[in-house]
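1. have a look at this fold, sequence not included:
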């Protein structure tokens, strides 16, 4: 009998459910919350209420699309953390209730582990060991991956994440939330003619708070000189900011490869959908002899398939959790 896992992801503002069968993705349904755009960022209380509305129909769609019955499920997996506590609680509570009703095991999954494991949603996943640059709105990490269940953080952001730098820049430019994809679009039509600082933080760690401040002062000073500066230079500003963020990420990734001797390199997380990030990894791989791995777009953003893939390998090791498990907003890696 196949190992069928229902996976649930509810760490932030997207409600997602997926069915994984023997490590293969049968369905991956994502319900995107659009209400936050009016506020320029995710509103935690609103997000948790939206999850409550969406979780039942999303799970039903995932099961129906996979063509299986609830009675054929082997386990239920869920994101335990990190994330917004209210959002996590919705997914955890649903998973616990459904697992109890079906009398099947529960599997708790770390959200950032799952982003790495998204690479194994397809057949040609990375070869161990590999380095994964995981970049999202809330996290920026370089992770050494030894096997499916063994990961070590080599470096991470000490303050703001790269995805947050994109979104906060977009807010300063008057762009709608989320701004990352919009900045990417404008950047492709512009030239990186403005220089912004790259943090010199030690080792393999990152910092993006200084960049946000530099962008704020840059815009303030230039708007004082020309009130229409942002409109005139929008494409070039976006190209310059994007290049600075990608440069910062690639400098550390190259350093990590040199320090570890690992040449199997992957990227993951929402920012891995960025066109310049993807192209730079391809270019560096060609010049440095790396084997590179870039996830399909549907596995870059938060989704339940990555939760299910991670859970599948935990299932093989019989790494289950009890009904006393709790959501943890700051779950340790």
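-> Cool, the structure landed. All figures in this text were calculated on a predicted structure; none of them were measured in a lab.
2. in whichever strand or helix holds residue 57, what counts as buried?
-> Take DSSP states H and E as the rule and residue 57 turns out to sit in helix 44-66. Of the residues in helix 44-66, 44, 46-52, 54-55, 58-59, 62-63, 66 count as buried by neighbour count, 16 or more other CB atoms under 10 Å. (C-beta placed from N, C-alpha, C; glycine too.)
3. for that helix, what is the average pLDDT?
-> Averaged across helix 44-66, pLDDT comes to 96.
4. what helices and strands are in contact with it?
-> Packing contacts for helix 44-66, counted by 3 or more CB pairs under 8 Å, 6 or more residues apart in numbering; DSSP states H and E, involve strand 4-9, strand 14-21, strand 24-32, helix 85-102.
5. okay, the angle between the third one and strand 4-9?
-> So the one you mean is strand 24-32. Strand 24-32 runs at 30 degrees relative to strand 4-9, counting by axes from the mean of the first three to the mean of the last three CA atoms, to 10 degrees.
6. show me where this protein has helices.
-> 44-66, 85-102, 111-117, 162-172, 180-187, 209-225, 229-260, 275-288, 304-316 (DSSP state H).
7. figure out which of those helices is closest to residue 123.
-> helix 304-316 (12.0 Å; CB to CB).
8. residues touching the helix holding residue 57, excluding its own?
-> Residues outside helix 44-66 that contact it (CB atoms under 8 Å, 6 or more residues apart in numbering): 4, 6, 8, 10, 12-13, 15-19, 21, 26-31, 33, 35-36, 69-70, 84-87, 89-91, 94, 98, 304.
9. can you put the helices and strands packed on helix 44-66 in JSON lines and add distance to residue 171, mean neighbour count and mean pLDDT?
-> Formatted as JSON lines, those follow (distance: least, CB to CB, whole Å; neighbours: other CB atoms under 10 Å; pLDDT from 0 to 100):
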{"stretch": "strand 4-9", "distance to residue 171": "26", "mean neighbour count": "29", "mean pLDDT": "98"}
{"stretch": "strand 14-21", "distance to residue 171": "20", "mean neighbour count": "28", "mean pLDDT": "97"}
{"stretch": "strand 24-32", "distance to residue 171": "20", "mean neighbour count": "19", "mean pLDDT": "96"}
{"stretch": "helix 85-102", "distance to residue 171": "21", "mean neighbour count": "20", "mean pLDDT": "98"}
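10. including distance to residue 233, could these go into a markdown table?
-> Below are the helices and strands packed on helix 44-66 laid out as a markdown table (distance: least, CB to CB, whole Å):
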| stretch | distance to residue 233 |
| --- | --- |
| strand 4-9 | 38 |
| strand 14-21 | 33 |
| strand 24-32 | 31 |
| helix 85-102 | 37 |
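11. from residue 232, how far off is the residue located most distally from the centre of the chain?
-> Distance from the C-alpha centroid of the chain, by CA atoms, centre = their mean, peaks at residue 225 (38.3 Å). Taking CB to CB, to the nearest Å as the measure, residue 225 falls 11 Å from residue 232.
12. then residue 148?
-> Taken as CB to CB, the span from residue 148 to residue 232 is 50 Å.
13. also residue 33?
-> On the measure of CB to CB, residue 33 and residue 232 end up 34 Å apart.
14. those two: who's more crowded?
-> A direct count of neighbours by other CB atoms under 10 Å for residue 33 and residue 232 places residue 33 higher, at 20 against 11.
15. touching, residue 253 and residue 142? I think so.
-> Yes - the criterion here is CB atoms under 8 Å, and residue 253 meets it with residue 142 at 6.4 Å.
16. so those two - more neighbours on which side?
-> Neighbour totals were compared for residue 253 and residue 142, and residue 142 leads with 26 against 22 (other CB under 10 Å).
17. correct me, but that one touches residue 155?
-> Yes - counting by CB under 8 Å, residue 142 touches residue 155, with 4.4 Å between them.
18. quick check: neighbours shared by these two?
-> 204, 252, 256.
19. ok, now which ones touch the nearest residue to the second one once chain neighbours are set aside?
-> Right, residue 252. Nearest non-adjacent residue to residue 252, counting by CB to CB, 6 or more residues apart in numbering: residue 204, 5.3 Å away. Going by CB under 8 Å, 6+ apart, residue 204 touches 142, 154, 155, 252, 255, 256, 259.
20. hmm, try it at 7 Å
-> Listed by CB atoms under 7 Å, 6 or more residues apart in numbering, the contact partners of residue 204 are 142, 154, 155, 252, 255, 256.
21. ok, now residue 151?
-> 113, 116, 143, 144, 145.
22. just give me the neighbour total for the last one.
-> So that's residue 145. Residue 145 - counted by other CB under 10 Å - has 22 other residues nearby.
23. ok, the third one next?
-> Neighbour count of residue 143, defined by other CB under 10 Å: 23.
24. return the distance of it relative to residue 115.
-> 9 Å.
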